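J.: Next input, structure requested:
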Amino acid sequence: MKKFLFLIKREFQLLKKNNLLKLVLIGGPFMFAILLGMVYQKARPTELAIQVVDLDNSPLSQKVIDALDDNQYLKVEKVAPDVFMARYDFEKGHVEGVVTIPSSFENDVQQKRHPIVQLDLNTTNILTSNYINTGVMTVMGVIQAGTDIQILQMKGFTPELAQQQYTSMGLNVTRHYNRENNYLKFLWPGIIGAILQQIFLMVIALIFTQEFEKGSFRQLLNYSKSSSYLIFTKSTGYFLYMFVIWNILLYVVFPAFKIDIIGDYFSVMVVSVAFMFTLLAMGIFVSVLVRTQIMATDVLMIMSAPSFIISGFTWPVSQMNHFMQVVAEILPLTHFLSAYRKVLFMGVSWMDVMPELTKLGIMIVGYGLLSWA
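T.: Purely as a prediction, here's the structure:
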């Protein structure tokens with residue numbers, strides 16, 4: 001028993017002396033628990049961006065637009081004059097849904113011709129599309145019932161009889177880019193991106209830190225004293241490795257699981273290569289900063305673990321508090337996954353995701369200059 005107690009005491013003493021272990025063991029669970037709580041604090045998304053195409057321009061259509069904007073789940077970003085403008089914004093990923101109010105809407109309601117309101121949803125994100133669908137259906141249900149009952153009362157029906165006689169307008173819902181609401185298509189590619197980020201970052205950091213630990217960087221000075229040249233030559237082989245692995249995953253593994261890629265190869269590669277360069281620059285920076293393999297692994301594990309949750313792939317960044325939005329902005333995975341979803345599944349051009357590419361470019365330059373210095 002004394003030996004057992006001695007060994008237990010010894011372990012606690014070792015833990016007390018190891019600051020990094022204490023940070024991971026004690027701080028890790030609380031940090032990640034608080035982080036998750038801050039990300040999902042709202043519990044349900046609100047004010048999701050939609051556009052409305054008003055082809056009727058009547059008091060009733062305006063009433064519908066106001067009701068949509070008042071719904072907790074929805075935010076009417078713009079009222080478009082025609083379907084072409086709204087379609088452009090929808091196809092470029094600027095809004096998650098489009099509601100089209102048909103012409104003669106008010107007149108058809110009054111004549112009980114059952115007009116059909118069209119709802120187009122971007123279902124690459126199942127979560128947001130479901131909430132938009134719920135919000136629009138709720139609004140339409142309230143508007144439909146209230147309008148029909150009011151018309152019937154004007155025709156002499158009692159309120160009780162009017163409630164029994166009203167008939168609904170129609171709502172036609174069309175799902176785009178993930179029509180079958182395939183959860184694998186929604187979640188799996190994002191998780192693969194997050195896992196590859198962690199693997200690539202750790203590989204890059206470890207190959208540089210092992211040179212620092214062994215003191216073998218001095219040997220490279222016999223070939224060149226240029227920091228840029230040494231970083232470039234040491235990184236090239238691993239960049240090619242990352243490039244080949246990513247292509248195999250996208251064009252062999254994804255189709256094997258019936259995950260179709262709509263985007264053209266060039267646009268997909270522009271986004272992918274920008275992300276790979278960011279990971280290279282970031283991995284080199286961490287390795288130069290800490291200079292030991294163990295420390296580099298620990299730092300990158302702490303950085304990578306929560307990044308998928310914060311990236312906005314499953315839970316919109318707009319629904320997080322301000323602090324978490326700032327954290328999301330400085331993570332390369334946030335901007336990569338935003339561009340990646342649009343290019344892969346919506347088929348947009350790399351020019352349409354220039355804001356995301358610009359932010360990745362800033363990170364490449366920033367981490368690259370720090371590593372070079």
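J.: Grab the longest helix from this protein for me.
T.: helix 183-214 (DSSP state H).
J.: That one: which residues count as buried?
T.: Using 16 or more other C-beta atoms under 10 Å as the test for burial, helix 183-214 gives 185-186, 189-190, 192-194, 196-198, 200-202, 204-209, 211-212. For every residue, glycine as well, the C-beta is placed using N, CA and C.
J.: now do stretch 62-75
T.: Neighbour-count burial for stretch 62-75 [16+ other C-beta under 10 Å]: Val64, Ile65, Ala67, Leu68, Asp69, Asn71, Tyr73, Leu74, Lys75.
J.: Quick one: the strands in the chain, in order.
T.: Assigned strands in the chain, in chain order: 48-54, 74-80, 97-101, 116-122, 170-176 (criterion: DSSP state E).
J.: most packed of those?
T.: Among the strands of the chain, ranked by average contacts under mean count of other C-beta atoms under 10 Å, first place goes to strand 97-101 (a mean of 24).
J.: tell me how far that strand is from the chain's mean position?
T.: Taking C-alpha atoms, centre = their mean, to the nearest Å, the mean C-alpha location of strand 97-101 is offset from the chain mean by 23 Å.
J.: Closest one of the buried residues of stretch 62-75 to Phe254?
T.: Nearest to Phe254 among those: Tyr73, at 31.4 Å, using C-beta to C-beta.
J.: thought that closest one was touching Asn130?
T.: No: Tyr73 is beyond contact range of Asn130, at 9.7 Å (criterion: C-beta atoms under 8 Å).
J.: in the stretch 201-350 of the chain, what spans have low per-residue confidence?
T.: 215-225, 227, 291, 293, 298, 305 (pLDDT under 70).
J.: Relative to Leu360, which of the buried residues of stretch 62-75 is nearest.
T.: Leu360 has its nearest neighbour among those in Lys75, at 27.4 Å by C-beta to C-beta.
J.: Beta-bridge partners for the closest one, please?
T.: Following DSSP bridges, Lys75 is listed with bridge partners Ala49.
J.: need the contact list for it.
T.: Residues in contact with Lys75 (C-beta atoms under 8 Å, 6 or more residues apart in numbering) are Glu47, Leu48, Ala49, Ile50, Asp69.
J.: tell me the phi and psi of the first one?
T.: The phi and psi torsions at Glu47 (degrees, to the nearest 10) take the values phi 50, psi 50.
J.: For it, give its distance to Glu96.
T.: Look at Glu47 and Glu96: by C-beta to C-beta, to the nearest Å, they are 11 Å apart.
J.: quick one, which of the two is more surrounded?
T.: Taking other C-beta atoms under 10 Å, Glu47 and Glu96 do not tie; Glu96 has more neighbours (24 against 17).
J.: Quick check: Leu48 touching Thr134?
T.: No: counting by C-beta under 8 Å, Leu48 does not reach Thr134; the two are 10.4 Å apart.
J.: shared neighbours of these two, anything?
T.: Contacts common to Leu48 and Thr134, judged by C-beta under 8 Å, 6+ apart, are Tyr73.
J.: what residues are up against the spatially most central residue of the chain?
T.: Central residue of the chain (C-alpha atoms, centre = their mean): Phe313, 2.4 Å from the mean position. Neighbouring residues of Phe313 by C-beta under 8 Å, 6+ apart: Gly190, Leu337, Arg341.
J.: and if we set it to 10 Å?
T.: The neighbourhood of Phe313, defined by C-beta atoms under 10 Å, 6 or more residues apart in numbering, consists of 125, 186-187, 189-191, 193-194, 307, 333-334, 336-338, 340-341.
J.: overlap in contacts of Glu47 and Glu96?
T.: Taking C-beta under 10 Å, 6+ apart as the criterion, Glu47 and Glu96 both touch Leu74, Glu77, Pro316.
J.: Assess the claim that the second one and Ile65 are in contact.
T.: Yep, that's Glu77 we're talking about. No: assessed by C-beta atoms under 10 Å, Glu77 is found out of contact with Ile65, at 11.7 Å.
J.: Between those two, which contacts overlap?
T.: Contacts common to Glu77 and Ile65, judged by C-beta under 10 Å, 6+ apart, are Val52.
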